[in-house]
Structure formats: structure tokens, C-alpha cells
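Got a predicted structure plus its sequence, pasted below:
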Amino acid sequence: MNEQATQGEKLSSSTGGGVPLTYVIALVPVASVLNVIGGTVAGALKLPIFLDMIGTAVVAMTIGPWWGALVGVITNLTMGFLTGPVSIPFAACNVVGALVWGYGTRWGFANDKLRFFGLSVASAVFVSLMAAPIVIFVFGGATGHASDVLTAGLLAAGNDMWAAVFSSNIIVSSADKILSSFLALAIIGALPTNLQVTGPIMKAENMGTAVLITAGTVVGVILTVVSMNL
């Protein structure tokens, strides 16, 4: 009996609070595929957002931050093989996003609309803090993403490289993480409730408001880019 109890505790610990291992095995790959599809579509359409962390948010908020981090690593390694090595260093950004979403949920920031919005913005800030050094030191300030146009405009306006890269990244990332967070919330609402072990998660409501805010941010990015190039 004691041995069975010990094994149960180990399983509970390894899967983030008692989530059946079969759920983890099913959810992590599916979330990774969701990320890859979102990132590939955003890249193909040259959208000024990323859409490669929706699955990361789902897993981090439901079964734990480190499982979300695993999803992020799998995502970027897969995209590295499919679309080129540019994505691989940004696995660190996906991990950071997972930790913010996961621990934020654990600390109660996913059970209230205002706090959840703040959690979305926080994920954008921390991801941008991780992304900026990668963009500058690894890629020389440009990665081929649509946001590079905004970076170029900021540089032309007299900003230094650090300010231009971080500013463009935080603008684009804010739109991306708000949208990703609320889409993740909608997906979580369709999952079994026993998967939600990281912390209390509110129901997906007022998606229209989130989409409106995100659309406004994206339009703002586009208008800023256009005005800088006139």
C-alpha cells in the first residue's frame, strides 16, 4: 500500500498536481502543433504578430509552467526544422512566456478579468526582455519578421538599436500575447476541468473586447510603420 502511495505521489508530482500522465502525453504534442501552425500562418501571411505561443499558454495555465516551457521548446525546435534555424534561439522566449502564464495562474492572476489582462501584458514584457538581446546579438537587429519594418522606422527616427528593437518587440508582442492569452482561455474552457490544476481560471467571456483591443494594437503598429516610411 505504501509503495503504491509513493508511486502515486511521484506521478502526481511529475505531471503537475495529479493530472493523469495520458493527458500530459496528449496535450503537450497537440499544444506544440497548435503553436507551429499559428507561427507558420503568421509568418506566411507576414502578420505583425507571432501566434506561436497559444498552445504554450494553454498548457502553462492548466497543468503547469514547466510543462508549458516544454511545449515552447518543442515548438521552436520543430519550427527550426520546418522554416529555418531563426526560430530556435527564441525557444527561450517561449519558455519565459510559459513561466509567466503558469506562475501567474498559480498566483491567482487568471481568475479575474483585469488581472488576466495584466498577466497577458506581463507575458509580453518579459518575453520582449528576452527577445531583444537575441534579436540584437544573434541576428544583428533583424530576423525577417514583419516587425523589422517597425524597428527600421524607429532607427530612422533616431533611436538606438536597443530602444528600437525593444520598442518594436513590445508593441507587437503586446498585441500577440493579449490575443494568445484570450484564445488560450477559450480553448481551456473546452478542456476537462480536472486538467486545470495550476490554479483557478476564469471562463472565457468578453472575447470581443480582447479581440478589439488586439486589433486596435495591430492597426496602431501598421499605421506607425506606414507613417515612419512616408
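That came through fine.

any chance you could map the strands in the chain?
Assigned by DSSP state E, the strands in the chain number zero.

Low-confidence regions, it specifically.
Flagging of the chain using pLDDT under 70 yields the residue ranges 1-19, 205-230.

longest helix in the chain, by residue count?
Scanning the chain for the longest helix, with DSSP state H as the assignment, gives helix 161-189.

In that one, which residues are buried?
When burial is assessed from 16 or more other C-beta atoms under 10 Å, helix 161-189 yields the following buried residues: 164-185, 187-188. The C-beta positions use only the backbone N, C-alpha and C, and glycine is treated the same way.

Which elements pack onto it?
The contact analysis (3 or more C-beta pairs under 8 Å, 6 or more residues apart in numbering; DSSP states H and E) places helix 161-189 against helix 54-62, helix 91-106, helix 113-133, helix 147-156, helix 207-228.

mind running it again at 10 Å?
Applying 3 or more C-beta pairs under 10 Å, 6 or more residues apart in numbering; DSSP states H and E, one finds that helix 161-189 makes contact with helix 21-44, helix 54-62, helix 91-106, helix 113-133, helix 147-156, helix 207-228.

the inter-axis angle of it versus helix 113-133?
Using axes from the mean of the first three to the mean of the last three C-alpha atoms, to 10 degrees, the inter-axis angle of helix 161-189 relative to helix 113-133 is 140 degrees.

now the angle from helix 161-189 to helix 21-44?
Calculated by the same axes, to 10 degrees, helix 161-189 forms an angle of 130 degrees with helix 21-44.

Mind checking which residue lies nearest the centre of this protein?
In the chain, the C-alpha nearest the mean C-alpha coordinate belongs to residue 53, at 3.4 Å (C-alpha atoms, centre = their mean).

so who does it touch?
Residues near residue 53 by C-beta atoms under 10 Å, 6 or more residues apart in numbering: 31, 34-35, 38-39, 60, 68, 71-72, 75-76, 93-94, 96-98, 101, 123, 127, 173, 176-177, 180-181, 184.

same check, this time on residue 161
Residues counted as contacts of residue 161 (C-beta under 10 Å, 6+ apart) are 132, 135-136, 140-141, 151, 154-155.

So which of the helices and strands packed on helix 161-189 is nearest residue 196?
helix 54-62 (5.2 Å; C-beta to C-beta).

How far off centre is the closest one?
Relative to the centre of its chain, helix 54-62 is centred 8 Å away, using C-alpha atoms, centre = their mean, to the nearest Å.

can you check stretch 174-192 too?
10 Å.

got it, and stretch 52-66?
Per C-alpha atoms, centre = their mean, the centroid offset for stretch 52-66 relative to its chain is 8 Å.

measure the residue nearest to residue 101 when sequence neighbours are not counted to residue 28 for me?
Sequence neighbours aside, residue 60 is the residue nearest to residue 101 in space, at 4.1 Å (criterion: C-beta to C-beta, 6 or more residues apart in numbering). As for residue 60, its distance to residue 28 is 11 Å (criterion: C-beta to C-beta, to the nearest Å).

Sweet, I'm off.
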